[in-house]
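Asks: Sequence and computational prediction follow.
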Amino acid sequence: MTKGYLANGLFGLGDRLVNELVAKAVREAVPGVDLYVPQENMAINDKSSYANSLAIAGADIEALKASDFLIAVIDGVEIDSGVAAEIGAFSMLDLPIFALYSDTRQQGRDNSKKIDALIADGTENQFVYRNLFVIGLIKQNGMIATSIEELIEGMRDSGIAIKEKNTTNN
C-alpha cells in the first residue's frame, strides 16, 4: 500500500477546504493510498481537546516516516511554518515531495513591464517570494505544481501508481 502525507495549514476554513480538495483528488487518483491528513487526526487536532507539542510532533513525525511521498501546499503570504518543518523533516528521507503552489501572481513572468518595474523599484514586485532553501528541498526530490491536476500528473510522472481516468461512456 502506498502511503502519503498532506502538509498544509489547517486552522482556517480556506486551508481546511484546500486540504479536503487535494486529499479527495489524491485518494481518487491513487488506488488504495493511505493518505495522512493531519486535520483528520482528531487525537491531536480536536481543538476542543488537548494535545501538547510532543504529542503533535510525535504523531506527525511517525506519519512522515511511514510515508512514501509528501504533498505540501506552499500557498499563503509565506510558507506555513509547520509545512516548512514537514518539508525539512521529510527531505531527509530522500523520497518524493510534490508541492502545490497555486498563487496567481506566478502568471505574467514574461511580462516585460513587470520585470522593468521591479528593476526600477524593488517595491514594485508583482511576484511572490518563497524561501529558496525550502524550494530547494522540494526540487531535490520532487516538483512544484500550480494546480491539483498538475500535481496528480507530476505524481504519475514520478512513478506513483495513478488510476487512469475512465473516458468511456457506459
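Replies: Arrived safely, thanks for sending.
Asks: With adjacent residues omitted, what lies nearest to Gly32?
Replies: Met1 (5.5 Å; Cβ to Cβ, 6 or more residues apart in numbering). All C-beta spots, glycine's among them, are computed from the backbone N, C-alpha and C.
Asks: where does Phe69 land on pLDDT?
Replies: For Phe69, the model assigns a pLDDT of 97.
Asks: Likewise for the one 4 residues further on?
Replies: At Val73 the predicted local confidence, pLDDT, stands at 98.
Asks: count of residues packed around it?
Replies: Here the number of neighbours of Val73 (other Cβ atoms under 10 Å) works out to 21.
Asks: got a list of what it touches?
Replies: Residues near Val73 by Cβ atoms under 8 Å, 6 or more residues apart in numbering: 6-9, 15, 18-19, 22, 80, 83, 99-101.
Asks: now it, which residues is it bridged with?
Replies: Residues in a beta bridge with Val73, per DSSP bridges, are Leu100.
Asks: So it versus Arg109, what's the distance?
Replies: Applying Cβ to Cβ, to the nearest Å, the value for Val73 to Arg109 is 21 Å.
Asks: Check Lys24 too.
Replies: Taken as Cβ to Cβ, the span from Lys24 to Arg109 is 30 Å.
Asks: try Met155
Replies: Noted for Met155: a distance of 25 Å to Arg109, by Cβ to Cβ.
Asks: Please apply the same query to Asp46.
Replies: Distance, Asp46 to Arg109, by Cβ to Cβ: 42 Å.
Asks: among the helices and strands of this structure, which has the poorest mean pLDDT?
Replies: In the chain, no helix or strand scores lower on mean pLDDT, DSSP states H and E than helix 42-45, which sits at a mean of 82.
Asks: Which strands and helices lie in contact with it?
Replies: Secondary-structure packing of helix 42-45 (3 or more Cβ pairs under 8 Å, 6 or more residues apart in numbering; DSSP states H and E): helix 53-65.
Asks: Output the helix it packs on as PDB, nothing but the C-alphas.
Replies: Extracted as PDB, the C-alpha positions of helix 53-65 are listed here (Å, rounded to 0.1, in the frame of the first residue of the first chain):
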ATOM      1  CA  SER A  53       3.600  19.900  21.400                       C
ATOM      2  CA  LEU A  54       5.300  16.500  21.900                       C
ATOM      3  CA  ALA A  55       2.100  14.600  21.100                       C
ATOM      4  CA  ILE A  56       1.600  16.600  17.900                       C
ATOM      5  CA  ALA A  57       5.300  16.300  16.800                       C
ATOM      6  CA  GLY A  58       5.300  12.600  17.600                       C
ATOM      7  CA  ALA A  59       2.200  11.800  15.600                       C
ATOM      8  CA  ASP A  60       3.200  13.900  12.600                       C
ATOM      9  CA  ILE A  61       6.800  12.600  12.500                       C
ATOM     10  CA  GLU A  62       5.700   9.000  12.700                       C
ATOM     11  CA  ALA A  63       3.300   9.600   9.800                       C
ATOM     12  CA  LEU A  64       6.100  11.400   7.800                       C
ATOM     13  CA  LYS A  65       8.500   8.500   8.400                       C
END
